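Peer 1: Quick check, what structure comes out for this input:
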Amino acid sequence: QVQLVESGGGLVQAGGSLRLSCAASGRTFNNLIMAWFRQAPGKERAFLAAISWSSGGTNNADSVKGRFTISRDNAKNMVYLQMNSLKPEDTAVYYCAARPNLMTTGRTTYPYWGQGTQVTVSS
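Peer 2: Alright, predicted model coming up:
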């Protein structure tokens, strides 16, 4: 089992930045893929970015390339999502997720989820 706890959400003005954090605990992490998703009201949960715990390799959704950056700190068992140039349409609940081995983008392929953190971007 993997336990994930997100933090760092909040209210920010358009154009501002936030850094979300995901604290991971539980099983051995070496083969895990960590990812960030978000879900806006009335919309499906959407993939944002993923990172390999072992190699640091990343995959980013086209919708946030150049604005959002995923990173990890292996020593602290933390994954981050740096979000810059935020827009009102970035308002959503942001979730951290994990899965073994293969880097995927489908939400149904991730068995481990955090509780989510709300990000609200005002115009």
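Peer 1: Geometric centre of the chain: which residue is closest?
Peer 2: Centroid-nearest residue in the chain: residue 36, 2.2 Å away (criterion: CA atoms, centre = their mean).
Peer 1: Each with direction, which strands does the helix or strand hosting it pair with?
Peer 2: Element membership for residue 36 (DSSP states H and E) is strand 32-39. Here strand 32-39 is paired, per DSSP bridges, with strand 46-52 (antiparallel), strand 92-100 (antiparallel).
Peer 1: could those strands be laid out in TSV, adding distance to residue 109, mean neighbour count and mean pLDDT?
Peer 2: Placement of C-beta: from N, CA and C, glycine included. What follows is the strands paired with strand 32-39, written out as TSV (distance: least, CB to CB, whole Å; neighbours: other CB atoms under 10 Å; pLDDT from 0 to 100):
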stretch	distance to residue 109	mean neighbour count	mean pLDDT
strand 46-52	10	21	97
strand 92-100	6	22	97
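Peer 1: So which of these is nearest residue 4?
Peer 2: strand 92-100 (4.7 Å; CB to CB).
Peer 1: continuing past that closest one, what's the next helix or strand?
Peer 2: Next along from strand 92-100, by DSSP H and E: strand 112-113.
Peer 1: Now tabulate the strands paired with strand 32-39 in JSON lines and tack on distance to residue 60.
Peer 2: Converted to JSON lines, the strands paired with strand 32-39 look like this (distance: least, CB to CB, whole Å):
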{"stretch": "strand 46-52", "distance to residue 60": "5"}
{"stretch": "strand 92-100", "distance to residue 60": "15"}
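Peer 1: Please identify which of the ones you listed is closest to residue 31.
Peer 2: Closest among these, using CB to CB: strand 92-100, at 5.4 Å.
Peer 1: Alpha carbons only: can I get the closest one in CSV?
Peer 2: What follows is strand 92-100, C-alpha atoms only, in CSV (Å, rounded to 0.1, in the frame of the first residue of the first chain):
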residue,chain,number,x,y,z
ALA,A,92,-9.8,22.5,-9.4
VAL,A,93,-9.1,19.9,-6.8
TYR,A,94,-5.6,18.6,-7.3
TYR,A,95,-4.7,15.0,-6.6
CYS,A,96,-1.5,13.1,-6.2
ALA,A,97,-1.5,9.5,-7.5
ALA,A,98,0.8,6.5,-7.7
ARG,A,99,1.2,3.3,-9.6
PRO,A,100,3.9,0.7,-10.2
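Peer 1: Thanks again, I'm all set now.
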